[in-house]
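*Asks:* fold the following for me, if possible:
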Amino acid sequence: MILVHIDNITIVCPCSLKKICWFIIKLSDYFEITVFRELRHIFGLVVTCDSSKRIIYISQTVYIYKIFMCFGIRCTTPIAMPLTIKYNLSTI
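*Replies:* Numbering: from 1, shown residues only. This is a model prediction of the structure:
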């Protein structure tokens, strides 16, 4: 999957690093590219990856706190809100 936002491109791929590097090299034939490290933040979300377990964690905590500060909400007590068991997330 390739996500494009203005002048940022994020590549998410279950394939080998060799294929991702090939794609970047081909793209650099047409555009000036700066390659950064593993994805940590995107669109205000914090992204954490556990490659050994093949799990990606996405957190909106920082974004939510920024919204709270914008509206002057300071004293809150967070609670856990897990998904209902009936939802079954699977790969495509």
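*Asks:* for this structure, which residues score under the pLDDT cut-off?
*Replies:* Applying pLDDT under 70 to the chain flags residues 78, 82-89, 91-92.
*Asks:* outline the domain layout of it.
*Replies:* For the chain, automatic domain parsing gives the domain ranges 1-36, 38-77.
*Asks:* what would those domains look like in CSV with mean neighbour count and distance to residue 90?
*Replies:* Where C-beta positions appear, they are placed from N, C-alpha and C, glycine not excepted. Shown next, in CSV, are the domains of the chain (neighbours: other Cβ atoms under 10 Å; distance: least, Cβ to Cβ, whole Å):
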stretch, mean neighbour count, distance to residue 90
domain 1-36, 10, 14
domain 38-77, 10, 13
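*Asks:* tell me which element residue 20 falls in.
*Replies:* helix 17-28 (DSSP states H and E).
*Asks:* ok, then the element right after that helix?
*Replies:* The C-terminal neighbour of helix 17-28 among helices and strands, as given by DSSP H and E, is strand 41-42.
*Asks:* contact partners of whatever helix or strand comes next after that next one?
*Replies:* The helix or strand immediately downstream of strand 41-42 is strand 45-50, counting by DSSP H and E. For strand 45-50, contacts defined as Cβ atoms under 8 Å, 6 or more residues apart in numbering pick out 38-41, 55-63.
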